[in-house]
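Colleague: how would this look folded up:
(one chain, ligands or ions: 1)
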Amino acid sequence: MIDSSLITLNENAVQNNITFLRKKLGDKVIISAVVKANAYGHGIEQIVPLFEKFGIEHYSVFYYSEAVRVFNSLSKPATIMVMGWLCDKDIQDAIKKGLEFFVFNIERLNIAIKYSKELNIKARIHLEAETGMNRSGLNDVELNDAITKIKENAECFELAGFCTHLAGAESVSNHVRIQSQLKKYKKMLATLEANDLIPKYKHLANSAAAFVYPKVRMDLVRIGIMLYGFWSSSEAYVQYINHKTNKIDPLKRILGWHSQIMSIKKIKSGEFVGYGISYLVQTDIITALVPVGYSLGYSRSLSNKGRVLIGGQRCSVIGVVNMNMIIVNISCVDDAKVGDEVVLIGKQDELEIMVSAFSEISNELNYEILAHLPESIKRIVIKK
Ligand SMILES: *Cc1c(COP(=O)(O)O)cnc(C)c1O
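Modeller: Here you go, the predicted structure:
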């Protein structure tokens, strides 16, 4: 390994997850693969060709710049939907490229009309409804304004979707709120349809909602975290697995993160390791230096808590996580050498470091840890 660390993407896991989701969601529901935040840290350029290979034809992103990266990573046409930020110029470019985008305020609708007329190309929009999350979306008054504007400028639009986002389907504690959002969504949809505006796709569900509330699947689901092999929460996982006789997780993690031993030292009992006095050596130990720190997304909150795999053993991070390095106690490893593999996330022999284990310690969500993996780390696709 030339680089200080390397991310591996397991192609068989991609196939496994897509096959599982297809089977559970049925053939009628379109899976939009959410690849925002650099495909949850996996790498847009590496993941999109894999998703494409196993039949994904619809992608969701947050930024226009991500949409362009998806566009450039595809080898055949697919639908790309921008759920979030677009500057005015991006809206012009999105219309030109045939990209779809959310409209959650009248300002954006007006800009779409302007550029659609200039370019003489229809804007492919998804009207986003405010149903109770109070984040983005058109309220009742705005929806009526939007309906009027769309009817007046019918030549400017293709109504690709009518959507909303549920505020936390991964936790039962939000059940009442989710039900009220669903009711609100249906009411607003009825208003839209009463005006002869029939959206091509109705969609509300992310991973958690698609599993916890099957009736919200509608025509399309926006699946992020589960495609990458994670459940949205342990609650969502438990709810699924409880009904099964076979208690094996049907999802497989795609991502592994590997580094190597940079240097080895023997430290005598009574010494402190690393900055400050947070780790006092109590018996003679052997340590390995690993060239990965918080600048690469290895959180500082894993100081004195993180675990890595070396020589098929689980080894503890000792002392504080540095900007570019961690120090690991490898006393339990026989014959460790400089250059030996270090697994930060993923499997080595029988053992596995899960992102979730990693995040329970550091109080970060799977989502956050993954999204913090920098783009600069090299990604390679493997089959295992
Ligand atoms: C991120 C996101 C999703 C995907 O959520 P997961 O929990 O990763 O499945 C779906 N919809 C919207 C609007 C999102 O922002």
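Colleague: what helix or strand does the residue of the stretch 51-200 of the chain found nearest the ligand sit in?
Modeller: Nearest to the ligand, among the residues of the stretch 51-200 of the chain, is His165, at 4.3 Å (C-beta to the nearest ligand atom). Where you see a C-beta, it was placed from the backbone N, CA and C, and this is true even at glycine. Counting by DSSP states H and E, no helix or strand carries His165.
Colleague: and the residue in the stretch 101-250 of the chain that the ligand sits nearest to, how many neighbours?
Modeller: Residue of the stretch 101-250 of the chain nearest the ligand, by C-beta to the nearest ligand atom: Gly224 (2.4 Å). Using other C-beta atoms under 10 Å, Gly224 has 21 other residues around it.
Colleague: same deal with Met1?
Modeller: Using other C-beta under 10 Å, the number of residues around Met1 comes to 12.
Colleague: looks like it contacts Met262 (just checking).
Modeller: No: the pair Met1 / Met262 is not scored as a contact, 11.1 Å apart, by C-beta atoms under 8 Å.
Colleague: the closest residue to Ala123 other than its chain neighbours: how many residues sit nearby?
Modeller: Excluding the flanking residues, the one nearest Ala123 by C-beta to C-beta, 6 or more residues apart in numbering is Ala112, at 4.2 Å. Neighbourhood size, Ala112 [other C-beta under 10 Å]: 27.
Colleague: the residue of the stretch 101-250 of the chain closest to the ligand and Ser301: what is the separation?
Modeller: Counting by C-beta to C-beta, to the nearest Å, the gap from Gly224 to Ser301 is 24 Å.
Colleague: can you pull out the helices in the stretch 251-384 of the chain?
Modeller: Taking DSSP state H, counting those that start in this stretch as the criterion, the stretch 251-384 of the chain carries its helices at 355-362, 366-371.
Colleague: residues in contact with the longest one?
Modeller: It stands for helix 355-362. Helix 355-362 has contacts (C-beta atoms under 8 Å, 6 or more residues apart in numbering) with 230, 234, 253, 255, 299, 301-302, 305-307, 345, 365-366, 368-370.
Colleague: what's the domain layout of the protein?
Modeller: Annotated domains of the chain cover 11-241, 255-353 [automatic domain parsing].
Colleague: reformat those domains as a markdown table; add distance to Arg379 and mean pLDDT.
Modeller: Shown next, in a markdown table, are the domains of the chain (distance: least, C-beta to C-beta, whole Å; pLDDT from 0 to 100):
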| stretch | distance to Arg379 | mean pLDDT |
| --- | --- | --- |
| domain 11-241 | 4 | 97 |
| domain 255-353 | 9 | 96 |
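Colleague: circling back to that earlier point, TSV for the helices of the stretch 251-384 of the chain, including mean neighbour count?
Modeller: Listed next are the helices of the stretch 251-384 of the chain as TSV, based on neighbours: other C-beta atoms under 10 Å:
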stretch	mean neighbour count
helix 355-362	18
helix 366-371	20
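Colleague: the ligand: which of those is closest?
Modeller: Taking these one by one with C-beta to the nearest ligand atom, helix 366-371 is closest: 6.8 Å.
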